[in-house]
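Participant: next one to model:
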Amino acid sequence: MTSDKVKGYALGIVAAATYGMNPLFALPLYEGGMDAGSVLFFRYLLAIPVLGGMLRWRGRGFKVTGKGAVMLWAMGMLMALSSLWLFLSYNYMDAGIASSLLFVYPIMVAVIMSCVFHDKLGWVTVVSIVLALGGIGLLYQGDGNATLSLRGTLMVFASSLAYAIYLVYVSRSGLNHMPTVKVTFYVLLFGWMLFAVYVPLNGGLKLPSSAWLWLNVAALALFPTAVSLLCTTRAIQYIGSTPTAILGALEPVTAVFFGVVVFDEPFTTRIFAGLLLIVAGVTMVIASSTIHRQLLRLRKLWPRVKH
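Facilitator: So this is what the prediction gives:
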């Protein structure tokens, strides 16, 4: 495996793990009286200067071409809509369930790349997706007598689709020449503009009412936003959108980890089995080149006999 691929897989894992922290920091803000629009307004707003500072520290300029600005605006809108629909779904279902349902986006990415860009969908990719989805299903923590909210479910699926299109767009937009920090900076800037319009039209801006809530806002801006987006964009440049998307299986794993450690949730055999399936699926993605190489060697040892 090349060093670039190693970096790509490592970045994809970090991106997924940090993005899975969304409920950890968002739910206390909801309990503190803030709504989805206000939470996301501050989440993006506080992340923008972090990326801007990194851009200047690296000696990069802010200038973009007209065509580049349009593509970055589209990416910002996709990311903002994905965030908004996901955070709104928390009002209709448990955040852990929403995080589990969100994981349909790797399938959407694989289908888009296969149908639109004619990328070959290898059997390793298909098996890894099936294993990861099986693990997500086992992690599902709902009341057996309750039905999922239709509105909440549709919001999560809309969020997944927007995120899937974003991942494909990053890969195929032609912005590979642009520094990752600059791409992420403008994605957050243009995405924040959506919330600057949305918030006044939906009850106005609600401020964090304590230092503890401000700390949660800052953590939300740093980890699931700035760090996750930076690592996601860079990972796609190294390994492509489909493997990066599949590595997103680690997002609900993060949610389970913090649920057990922070919120004292039970760690059952079913959860353990779900984690094993997810890790197996992710491991297959990372080891896909080795798997293909070993299969090729086996075929050479036992060549097909022509009659």
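
Participant: okay, CA-based contacts and neighbour counts for the rest of this
Facilitator: Fine.

Participant: return the distance of residue 107 relative to residue 277.
Facilitator: Distance of residue 107 to residue 277, computed by CA to CA, to the nearest Å: 16 Å.

Participant: pLDDT weak spots in the stretch 201-307 of the chain?
Facilitator: 263, 265, 285-307 (pLDDT under 70).

Participant: which residues in it form helices?
Facilitator: 211-221, 228-239, 241-247, 250-261, 269-286, 288-301 (DSSP state H, counting those that start in this stretch).

Participant: the protein: strands as residue ranges?
Facilitator: Taking DSSP state E as the criterion, the chain carries no strands.

Participant: thinking again about what came up before, out of the helices of the stretch 201-307 of the chain, deepest packed?
Facilitator: helix 241-247 (a mean of 28; mean count of other CA atoms under 10 Å).

Participant: packing partners for that helix?
Facilitator: helix 3-19, helix 105-115, helix 123-139, helix 150-172, helix 228-239, helix 269-286 (3 or more CA pairs under 8 Å, 6 or more residues apart in numbering; DSSP states H and E).

Participant: put the alpha carbons of it into CSV.
Facilitator: Below are the C-alpha coordinates for helix 241-247, written out as CSV (Å, rounded to 0.1, in the frame of the first residue of the first chain):
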residue,chain,number,x,y,z
SER,A,241,-15.1,9.2,-2.6
THR,A,242,-16.4,5.6,-2.3
PRO,A,243,-13.7,4.3,0.1
THR,A,244,-14.0,7.6,2.1
ALA,A,245,-17.7,7.1,2.3
ILE,A,246,-17.5,3.5,3.5
LEU,A,247,-15.0,4.5,6.2
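
Participant: give me the contacts around it.
Facilitator: Helix 241-247 is contacted from outside by 9, 12-13, 16, 105-106, 109-110, 113, 128-129, 132, 164, 167-168, 170-171, 232, 235-236, 282, 285, using CA atoms under 8 Å, 6 or more residues apart in numbering.

Participant: what does stretch 260-274 give?
Facilitator: By CA under 8 Å, 6+ apart, stretch 260-274 touches 134-139, 259.

Participant: just those now: which is nearest residue 24?
Facilitator: residue 259 (8.4 Å; CA to CA).

Participant: tell me the spacing between the closest one and residue 92.
Facilitator: Taking CA to CA, one finds residue 259 at 19 Å from residue 92.

Participant: and residue 170, what does it touch?
Facilitator: Here residue 170 is in contact with 75, 233, 236, 241 (CA under 8 Å, 6+ apart).

Participant: I'd like the residues you listed as JSON lines, with distance to residue 186 appended.
Facilitator: Converted to JSON lines, these look like this (distance: CA to CA, whole Å):
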{"residue": "75", "distance to residue 186": "9"}
{"residue": "233", "distance to residue 186": "12"}
{"residue": "236", "distance to residue 186": "17"}
{"residue": "241", "distance to residue 186": "20"}
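
Participant: ok, those vs residue 222, which is closest?
Facilitator: For these, the nearest to residue 222 is residue 233 (15.5 Å; CA to CA).

Participant: surely the closest one meets residue 179?
Facilitator: No - using CA atoms under 8 Å, residue 233 is not in contact with residue 179, being 9.8 Å away.

Participant: re the thing from before, in a markdown table, list the helices of the stretch 201-307 of the chain along with distance to residue 157.
Facilitator: Listed next are the helices of the stretch 201-307 of the chain as a markdown table, based on distance: least, CA to CA, whole Å:
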| stretch | distance to residue 157 |
| --- | --- |
| helix 211-221 | 22 |
| helix 228-239 | 20 |
| helix 241-247 | 15 |
| helix 250-261 | 16 |
| helix 269-286 | 20 |
| helix 288-301 | 28 |
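
Participant: nearest to residue 100, of these?
Facilitator: Of all the helices of the stretch 201-307 of the chain, helix 250-261 sits nearest to residue 100, with 6.0 Å by CA to CA.
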